[in-house]
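K.L.:
Fold the following.
(chains A and B)
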Amino acid sequence: MNPSAPRVLQGLAANLLSEVMPNISTPFGQQLVGIAAMLEMMIAEEFDRAADRLVTENRAVRELLAEGSTLLGEQCPPSVALAVKSPPAQSLRIPDLQRENDLLRAALIDLHAAVEQTPGEAARAFEERIWAELIESTRRRQFASRL
Amino acid sequence: MNDALARYLASRLEANDVRVTSLLRIPGGASRETWMFDAEWTAPSGERQTAAFVLRKDPPASLLDTDRETEYAFYSAFWGSEVPVPRMRWLENDASILGGPFFIMDRILGCESATAKIIAPPYTAVHPQLAENMYRILGAIATFEWRGTPIERVAEPPTPETAWQRELDHWERILDTEAMEPQPVMKAAIRWLRANPPPPAQRISVVHGDYRVGNFLYREDGNIYGIVDWEMAHLGDPLEDLAWSFNQSWHWAKDGRPGGIVDRATAIAHWERYSGLRADPGALYWWEVFSHVKCQGIWVTGARSFQENRTNELILPLVAYSLINAQDQYLLRTMGRIP
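P.N.:
Prediction:
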């Protein structure tokens, strides 16, 4: 087996920081090398998790949209019903999963806005569930190696 | 670029044998390329003269797309006031000279601006002075009489009632057009901002637009010698700048303190004392929530520029990877949704 892409990227970053940066004479050049190393560490992390993150999130958002559609009935924005009926990504390639994610999360914005305008305890409780998913979505995207 | 700069300076200074030396790009400057250089020339009197300059040049694409004439006008208006700024020299819109429009200003010597340095010794010893000076100067910006200055020519004043709406409309439009994926957290905040507008601005002031630790020049004596990066300057509600300085994206020491140099209550007390204005807690909160939307608008603009091959500036994907999701989390924290 070849060394994994994350491991190679981490190795590149380590070499840039330890071997290349000390030999760069200008502050701007040093900054560039530092940025390149930092990017490699974050991309290594994203490479490893991106497909899992998107599959997990698409499933969670699709479920929320379906429940929201039932809760709001005829008051539900058309984009929500369209998203619920949309087929899942045709492959596990990141661009396909991301396209599905964009469609679902755009519908989630419309659903969230509609739920906010809906009176009643059920709507308030569902609003909190949407917030819980939004919070979780930021945890899924968080980098251990961020600035 | 040395020769092109020397030719340009020769025409501007009406001088012969201009030499440009020590030309170096300054790190940072994600919105405009920032270069420093020294120049030496023979004046018409025959006297040999030298000067240190800073050049700000428009890149092919950046975090922001702002009007350099507006930035130049704001700098020029404050020259000689109690708000320290470098002296502007020349504004050049002809992109053929250096590969992009640019302006040149005097370089303020012997100062630091790095965010990593201000949170470490020896500067930690003068944090109280730096903080007081930072918010004293912000108070001076807030009360600056901009009428009758170059600002009046380049900036449209909103009414006190519409200052918030103009900024929110502008940055929501940027978020909608530039973001490469849906922004459900930011859009929820924008709905809240529209449903809960702040009270009218106490006055229509100059708003620096990016007032924070990192955008001023300081020394070990605790004084501030230059406020820089006026590319987002406009007229509006002075609370916008105060709130912006509190944004978590600038908590450089990661200890909850704005800029890593001052606690929030002290900063507000300094600002209120020097500006004579009041930081109404509800209004300030509104502008803090707004500051996250504006930050995100900046980050997604840079991300799209890079994705669409308009630039290879590596700072743009770094900002995107490290700040777009983090900004959502900072907003959630401000709104009390996460600890």
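K.L.:
Please count neighbours and contacts with C-alpha atoms only from this point.
P.N.:
Will do.
K.L.:
quick one: average pLDDT of stretch A:56-76?
P.N.:
Here stretch A:56-76 scores 97 as its mean pLDDT.
K.L.:
Please read the previous query as pertaining to stretch A:3-13.
P.N.:
92.
K.L.:
what does stretch B:317-335 give?
P.N.:
Averaging the model's pLDDT scores along stretch B:317-335 yields 97.
K.L.:
swap in stretch B:40-56?
P.N.:
Per-residue scores along stretch B:40-56 average to 91.
K.L.:
For it, output the C-alpha coordinates as CSV.
P.N.:
C-alpha atoms of stretch B:40-56 as CSV (Å, rounded to 0.1, in the frame of the first residue of the first chain):
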residue,chain,number,x,y,z
GLU,B,40,16.8,58.1,-3.2
TRP,B,41,16.8,61.0,-5.6
THR,B,42,18.3,64.4,-6.5
ALA,B,43,15.9,67.2,-6.0
PRO,B,44,15.8,70.2,-8.4
SER,B,45,17.9,72.1,-5.9
GLY,B,46,20.7,69.5,-6.4
GLU,B,47,20.3,68.1,-2.9
ARG,B,48,20.3,64.3,-2.5
GLN,B,49,17.1,63.2,-0.7
THR,B,50,15.8,59.9,0.7
ALA,B,51,12.5,58.6,1.8
ALA,B,52,10.8,55.4,3.0
PHE,B,53,7.5,54.5,1.3
VAL,B,54,4.7,52.0,1.4
LEU,B,55,2.9,51.0,-1.8
ARG,B,56,-0.6,49.5,-1.9
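K.L.:
Spell out whether that stretch and chain A are in contact.
P.N.:
No - using CA under 8 Å from any CA of the partner chain, stretch B:40-56 stays clear of chain A, coming no nearer than 14.8 Å.
K.L.:
how far does stretch B:248-268 stretch from start to finish?
P.N.:
The first residue of stretch B:248-268 is 16 Å away from its last residue (CA to CA, to the nearest Å).
K.L.:
Identify all contacting residues around that stretch.
P.N.:
Residues outside stretch B:248-268 that contact it (CA atoms under 8 Å, 6 or more residues apart in numbering or on different chains): B:115-116, B:118-119, B:124, B:127-128, B:130-132, B:135, B:212-213, B:242, B:245-247, B:279, B:323, B:327, B:330.
K.L.:
Tell me the residues of the stretch 101-250 of chain B that contact chain A?
P.N.:
Taking CA under 8 Å from any CA as the criterion, the stretch 101-250 of chain B approaches chain A at residues B:E181, B:P182, B:Q183, B:P184, B:V185, B:K187, B:A188, B:R191.
K.L.:
Please name every helix or strand in contact with the lowest-mean-pLDDT helix or strand in chain A.
P.N.:
Between all helices and strands in chain A, the lowest mean by mean pLDDT, DSSP states H and E belongs to helix A:5-15, at a mean of 92. Judged by 3 or more CA pairs under 8 Å, 6 or more residues apart in numbering or on different chains; DSSP states H and E, helix A:5-15 is in contact with helix A:27-72.
K.L.:
ok, so what distance separates B:V185 from A:L134?
P.N.:
Counting by CA to CA, the gap from B:V185 to A:L134 is 7 Å.
K.L.:
can you check B:K254 too?
P.N.:
In terms of CA to CA, B:K254 sits 23 Å off from A:L134.
K.L.:
Looking at the two, which one has more neighbours?
P.N.:
More crowded of B:K254 and A:L134, by other CA atoms under 10 Å in any protein chain shown: A:L134, with 21 against 12.
K.L.:
That one against B:K187, yeah?
P.N.:
No - applying CA atoms under 8 Å, one finds A:L134 not in contact with B:K187, separated by 11.4 Å.
K.L.:
for the stretch 151-300 of chain B, what spans make up the helices?
P.N.:
Counting by DSSP state H, counting those that start in this stretch, the stretch 151-300 of chain B has helices at residues B:163-178, B:184-195, B:239-245, B:264-275, B:281-307.
K.L.:
what sits up against the second one?
P.N.:
The one in question is helix B:184-195. Under the criterion CA under 8 Å, 6+ apart, residues A:105-106, A:108-109, A:112-113, A:134, B:168, B:172, B:286, B:289-290, B:292-293, B:328, B:331-332 lie in contact with helix B:184-195.
K.L.:
Got a quick PyMOL command for the buried subset of those residues?
P.N.:
Selection of the buried residues among the contacts of helix B:184-195 in PyMOL, burial being defined by 16 or more other CA atoms under 10 Å in any protein chain shown:
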select buried, (chain A and resi 105+106+108+109+112+113+134) or (chain B and resi 168+172+286+289+290+292+293+328+331+332)
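K.L.:
farthest residue from the center of chain B?
P.N.:
Note on chain B: the largest C-alpha distance from the chain mean falls to B:G46, namely 39.4 Å (CA atoms, centre = their mean).
K.L.:
What of chain A?
P.N.:
Extreme point of chain A relative to centroid (CA atoms, centre = their mean) is A:S25; 37.8 Å.
K.L.:
distance of it from A:A5?
P.N.:
Distance of A:S25 to A:A5, given as CA to CA: 30 Å.
K.L.:
Residue ranges in the stretch 1-150 of chain B under the pLDDT threshold?
P.N.:
Counting by pLDDT under 70, the stretch 1-150 of chain B has low-confidence residues at B:28-31, B:60-66.
K.L.:
let's see it at 80
P.N.:
Along the stretch 1-150 of chain B, the model assigns pLDDT under 80 to residues B:16, B:27-32, B:44, B:59-67.
K.L.:
go on, chain A?
P.N.:
Flagging of chain A using pLDDT under 80 yields the residue ranges A:145-147.
K.L.:
Close to chain B: what parts of it are there?
P.N.:
Chain A has residues A:26-28, A:31-32, A:35-36, A:38-39, A:42, A:102, A:105-106, A:108-109, A:112-113, A:134-135, A:138, A:141-143, A:146-147 near chain B, with proximity defined as CA under 8 Å from any CA.
K.L.:
Whichever of those end up buried, select them in ChimeraX.
P.N.:
The buried subset of the residues of chain A next to chain B, as determined by 16+ other CA under 10 Å, is captured in ChimeraX by this line:
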select /A:28,31,32,35,36,38,39,42,102,105,106,108,109,112,113,134,135,138,141,142,143
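K.L.:
List of residues touching stretch B:278-287?
P.N.:
Against stretch B:278-287 from outside (CA under 8 Å, 6+ apart): B:L193, B:N196, B:P197, B:P198, B:P199, B:L239, B:E240, B:L242, B:A243, B:W244, B:I268, B:E272.
K.L.:
Tell me, how many residues neighbour residue 3?
P.N.:
This is for chain A. A:P3: 7 neighbours (other CA under 10 Å).
K.L.:
ah, I was thinking of chain B
P.N.:
B:D3, neighbours per other CA under 10 Å, totals 13.
K.L.:
what angle do the one helix or strand A:D102 maps to and helix A:27-72 make?
P.N.:
Element membership for A:D102, per DSSP states H and E: helix A:94-116. Computed by axes from the mean of the first three to the mean of the last three CA atoms, to 10 degrees, the angle separating helix A:94-116 from helix A:27-72 equals 50 degrees.
K.L.:
Quick one: distance of helix A:94-116 to the chain centre.
P.N.:
11 Å (CA atoms, centre = their mean, to the nearest Å).
K.L.:
which residues are in contact with that helix?
P.N.:
If you take CA under 8 Å, 6+ apart as the criterion, helix A:94-116 is touched by A:50-51, A:54-55, A:57-58, A:61-62, A:65, A:68, A:72, A:75-77, A:79-80, A:83-84, A:88-91, A:123-124, A:126-127, A:130, B:181-184, B:187-188, B:191.
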